[in-house]
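**Student:** I'd like to go over a predicted model; first the sequence, then the structure.
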Amino acid sequence: DAGVTQSPTHLIKTRGQQVTLRCSPKSGHDTVSWYQQALGQGPQFIFQYYEEEERQRGNFPDRFSGHQFPNYSSELNVNALLLGDSALYLCASSSSTGFGYTFGSGTRLTVV
Amino acid sequence: AQSVTQLGSHVSVSEGALVLLRCNYSSSVPPYLFWYVQYPNQGLQLLLKYTTGATLVKGINGFEAEFKKSETSFHLTKPSAHMSDAAEYFCAVTNQAGTALIFGKGTTLSVSS
């Protein structure tokens, strides 16, 4: 049973560019959440998607946007990249009928 | 507002010694509490969780945690440390809506032989 799959695993971008990260949830999960983990810090909640809509959002600027597809997979888009956006981006999936999060291995984004 | 405080950013123990990682939380609603482990360059793996019911929760790899409402604590313990336990540990609480996790800053566990 595949868990949460994220791609790519590593990415290097230049300031001002745009980036798209992808996530496939665990089989049977219909909800996807995204977290940003800066070096030496705990993960911080960006937003959650359910039924193809953003259900809740953390304290992140509008440069961070997302999408959920009918197959429950999700994308995280970040526009106008800043050096401070360098972090590990984690995707977590869950089921709307249960409770518990499964995390992927993350995408390491480096902005230069 | 919900928050988590992990006491001690770095804990060092000898192999075979007791592991104790401290976590205190603040929550305006009955909390759901979690401990996750993160190995270098990897994602988060769930060790254990408390939702309702028994306050002593047993998890994977011999870890357990006790929910103490009066102390607003959820400390993680393991009777005997192994070298393979060396990692970063995160305590988390659900937000008020129950839709997201709020994490502490993490505790790095080092195990020496």
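**Tutor:** Great, that's in hand.
**Student:** could you list every residue that touches A:Leu109?
**Tutor:** When contacts are counted by Cβ atoms under 8 Å, 6 or more residues apart in numbering or on different chains, A:Leu109 touches A:11-13, A:19, A:21, A:78, A:85-89. (C-beta placed from N, C-alpha, C; glycine too.)
**Student:** Between those, which sits nearest chain B?
**Tutor:** Chain B lies nearest to A:Leu88 out of the contacts of A:Leu109, by Cβ to the nearest Cβ, at 8.4 Å.
**Student:** is it true that the closest one touches A:Gly106?
**Tutor:** Yes: counting by Cβ atoms under 8 Å, A:Leu88 does reach A:Gly106; the two are 4.5 Å apart.
**Student:** out of those two, which sits in the busier spot?
**Tutor:** Neighbour totals were compared for A:Leu88 and A:Gly106, and A:Gly106 leads with 26 against 21 (other Cβ atoms under 10 Å in any protein chain shown).
**Student:** Tell me who's in contact with the more buried one.
**Tutor:** A:Gly106 sits next to A:6, A:9, A:37, A:88-91, B:42-43 when contact means Cβ under 8 Å, 6+ apart.
**Student:** From these, which land in strands?
**Tutor:** The strands, defined by DSSP state E, take in A:6, A:37, A:88-91 from the contacts of A:Gly106.
**Student:** any idea which of those residues has the most stuff around it?
**Tutor:** Busiest of these [other Cβ under 10 Å] is A:Cys91, holding 30 neighbours.
**Student:** What residues does it make contact with?
**Tutor:** Here A:Cys91 is in contact with A:4, A:6, A:21, A:23, A:25, A:32-35, A:74, A:76, A:103-104, A:106 (criterion: Cβ under 8 Å, 6+ apart).
**Student:** how does it look with 10 Å?
**Tutor:** A:4-7, A:21-25, A:32-35, A:46, A:73-76, A:101-107, B:43 (Cβ atoms under 10 Å, 6 or more residues apart in numbering or on different chains).
**Student:** how many other residues sit next to whichever residue of chain A sits closest to chain B?
**Tutor:** Taking Cβ to the nearest Cβ, chain B has its nearest neighbour within chain A at A:Gly42, 3.4 Å off. Close neighbours of A:Gly42, defined as other Cβ under 10 Å, add up to 22.
**Student:** swap in B:Tyr50?
**Tutor:** Neighbours of B:Tyr50 (other Cβ under 10 Å): 19.
**Student:** I'd say it and B:His75 touch.
**Tutor:** No: B:Tyr50 is not in contact with B:His75 according to Cβ atoms under 10 Å; the separation is 11.6 Å.
**Student:** In contact with the most centrally placed residue in chain B: list those residues for me.
**Tutor:** In chain B, the C-alpha closest to the average C-alpha coordinate belongs to B:Trp35, at a distance of 3.5 Å (Cα atoms, centre = their mean). Contacts for B:Trp35 (Cβ under 10 Å, 6+ apart) come out as B:21, B:23, B:45-50, B:57, B:59, B:63-65, B:74-76, B:89-92, B:104.
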